[in-house]
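Participant: Sequence and predicted structure below; questions after.
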There are 4 protein chains.
Amino acid sequence: MPLFTTTRRVQFSETDMAGIVHFANFFRWMEETEHEYFRSLGLSIMQTQPDGQVLGWPRVSTSCNYSAPAHYEEVIDCRLDVERVGVRSVTYLIEFWRDSTKLAGGRMKTACCICHPDGKLTSVDLPDEYRSKIRESGSPASAPKS
Amino acid sequence: MPLFTTTRRVQFSETDMAGIVHFANFFRWMEETEHEYFRSLGLSIMQTQPDGQVLGWPRVSTSCNYSAPAHYEEVIDCRLDVERVGVRSVTYLIEFWRDSTKLAGGRMKTACCICHPDGKLTSVDLPDEYRSKIRESGSPASAPKS
Amino acid sequence: MPLFTTTRRVQFSETDMAGIVHFANFFRWMEETEHEYFRSLGLSIMQTQPDGQVLGWPRVSTSCNYSAPAHYEEVIDCRLDVERVGVRSVTYLIEFWRDSTKLAGGRMKTACCICHPDGKLTSVDLPDEYRSKIRESGSPASAPKS
Amino acid sequence: MPLFTTTRRVQFSETDMAGIVHFANFFRWMEETEHEYFRSLGLSIMQTQPDGQVLGWPRVSTSCNYSAPAHYEEVIDCRLDVERVGVRSVTYLIEFWRDSTKLAGGRMKTACCICHPDGKLTSVDLPDEYRSKIRESGSPASAPKS
């Protein structure tokens, strides 16, 4: 069972002239699943810290394998697992299913960063609040280290 | 030297509230580079065949590693190489550079398919015209097989 | 009270570097509201007819006035009214509200068309099923003609 | 003759399952035409002022009328005229043509604003540099006032 599941309906503007969902949209869906998971933990992906700095989560790497096309109006299950909680990053595994058909699945590694107003990014350690809430949600990182 | 290079300017609508290009756009850029490469060979990515069937190139898998953010109005070099020409697929390596800074790079594997009007896809062998033009453009697959 | 209301949450990829929702997204939201209204009536915006032809609803004209910006994670009410049901078109009025703040509002006129496989469009009369269901939903066109 | 013209090629990801360009993209094209016009004047649409504040141009209202669909790979002429230069706003008329076929045309009114880091906007007078460069480019506002 995945750590977190949400559903979404395919929108018309997400299709292309081949009659199927354009492949780049699956990365937006990965992100929306990640963000909904964060919300379910009471966290936000863009958060102004007490010192006024903005904490964000730019991507380090992403990938997706496509097994079957998605079509307009279909309802898609988005299943998220946390593969790894690092010192300064989190890696997710996310899959998309239509009923019992797997449409696509991929991996997204994000870095915890301070987002400066000029668009520059500085990598920082995960704040304790984020680390503990992700762990408490049942991610593998919550396993005892011994 | 890459097999094919094009440039593009970052558009305002491609940025997000972190002040940088949203990561999913790099996949659109990969595709636009691939399509421009096809056009440079006199090929199109969606082509009605003499028998009325439509030949398209859905994605099998994609990935991207991000090294540095891209910002509004920057001009980005998009560099494409053909990593492999298979019987029914083509795999590209695509990198994005701003001057001497590598922003991101990834891989995109596409399958040659008949796109049916109902959104279904059937995998087929690359037509000879596509295979020979890709080879003649200097892709590794053009090496002698002996 | 509007004819039909739905809600949506602002996604990160819908924001731009000004920190607010990019204005073009409000047109996608108009469309998604229209489509959800159609679904609530048991209709679809892209429907293969018994004769194999595909009925679609391309836009004739659209407009939007912006009063206040929308931000990441806000929940937006999308309120739809049918302004007019013509012989071959439907015109909607759609507004976007965050609690008691009106963010934007506009108009969208759509034409009932046969969408040919080659991307050509032919205007046709609204099928009776569409006309009657829209009327029954309480649109102004449902007023007695006498 | 329009004040400013640029061209663009229709991208695959801009099409939808009806086989034509999704209508919301015309608003992105309007914006990209406006921004290219600004660049041609040596101006930018997002500019950090000497005092550190960021000057931006959010939209007040937009509209578009659609006459003919645009298709994948077509090259589109984007023609911009300045309809009005107000104290705190600029209104553009923008049309899209494929050869001698008008595809669409609309209006976009933008407000000159300070964009605060928290996503709030404050309307301000057009800076002299913007006003004079827009006038010198031949906009109607450059007509003598006498």
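Facilitator: All right, it came through fine.

Participant: what about the nearest residue to A:Pro2 once chain neighbours are set aside, neighbour count?
Facilitator: Computed as Cβ to Cβ, 6 or more residues apart in numbering or on different chains, the closest residue to A:Pro2 that is not its neighbour in sequence is A:Arg79, at 3.7 Å. The way it works is simple: take the backbone N, C-alpha and C, and place the C-beta from them, glycine included. Burial measure for A:Arg79: 20 neighbouring residues, criterion other Cβ atoms under 10 Å in any protein chain shown.

Participant: next one: A:Pro69
Facilitator: Applying other Cβ under 10 Å, we find 21 residues neighbouring A:Pro69.

Participant: what do you get for A:Gly42?
Facilitator: Using other Cβ under 10 Å, A:Gly42 has 8 other residues around it.

Participant: got any ranges where chain A has weak pLDDT?
Facilitator: Counting by pLDDT under 70, chain A shows low-confidence ranges at A:140-146.

Participant: at 80 what do you get?
Facilitator: Applying pLDDT under 80 to chain A flags the ranges A:117-119, A:139-146.

Participant: how about the residues of it near chain D?
Facilitator: Within chain A, the positions lying close to chain D (Cβ under 8 Å from any Cβ of the partner chain) are A:Phe12, A:Ser13, A:Thr15, A:Asp16, A:Met17, A:Gly19, A:Ile20, A:His22, A:Ala24, A:Tyr72, A:Pro117.

Participant: ok, so of those residues, who is nearest chain C?
Facilitator: For the residues of chain A next to chain D, the closest approach to chain C (Cβ to the nearest Cβ) belongs to A:Ser13, at 5.1 Å.

Participant: That closest one touches C:Glu31, doesn't it?
Facilitator: Yes. Between A:Ser13 and C:Glu31 there is a contact under Cβ atoms under 8 Å: 6.5 Å.

Participant: Overlap in contacts, the two.
Facilitator: D:Ala24 (Cβ atoms under 8 Å, 6 or more residues apart in numbering or on different chains).

Participant: Could you check which of these two has the larger neighbour count?
Facilitator: The residue with more neighbours, out of A:Ser13 and C:Glu31, is C:Glu31; 25 against 21, by other Cβ under 10 Å.

Participant: Now tell me what touches whatever helix or strand the more buried one lives in from outside.
Facilitator: C:Glu31 belongs to helix C:25-40 when elements are defined using DSSP states H and E. For helix C:25-40, contacts defined as Cβ under 8 Å, 6+ apart pick out A:11-13, A:73, C:3-4, C:6, C:8, C:14, C:44-45, C:57, C:62, C:64, C:66, C:76, C:78-80, C:92, C:94, C:96, C:104, C:106, C:108, C:110, C:137, D:23-24, D:27.

Participant: Name every sheet partner of the following helix or strand past that helix and say whether each one runs parallel or antiparallel.
Facilitator: Next helix or strand after helix C:25-40 toward the C-terminus (DSSP H and E): strand C:47-48. Under the criterion DSSP bridges, strand C:47-48 sits next to strand C:54-56 (antiparallel) in its sheet.

Participant: who's in contact with A:Leu80?
Facilitator: A:Leu80 neighbours (Cβ under 8 Å, 6+ apart): A:Pro2, A:Leu3, A:Phe4, A:Thr5, A:Thr6, A:Thr33, A:Glu34, A:Tyr37, A:Tyr92, A:Leu93, A:Ile94.

Participant: Pull the contacting residues for the nearest residue to A:Asp16 once chain neighbours are set aside.
Facilitator: Excluding the flanking residues, the one nearest A:Asp16 by Cβ to Cβ, 6+ apart is A:His22, at 4.4 Å. Counting by Cβ under 8 Å, 6+ apart, A:His22 touches A:Glu14, A:Thr15, A:Asp16, D:Phe12, D:Ser13.

Participant: Of those, which pair is most distant in space?
Facilitator: Farthest pair in the contacts of A:His22 (Cβ to Cβ) is A:Glu14 and D:Phe12. Separation: 13.4 Å.
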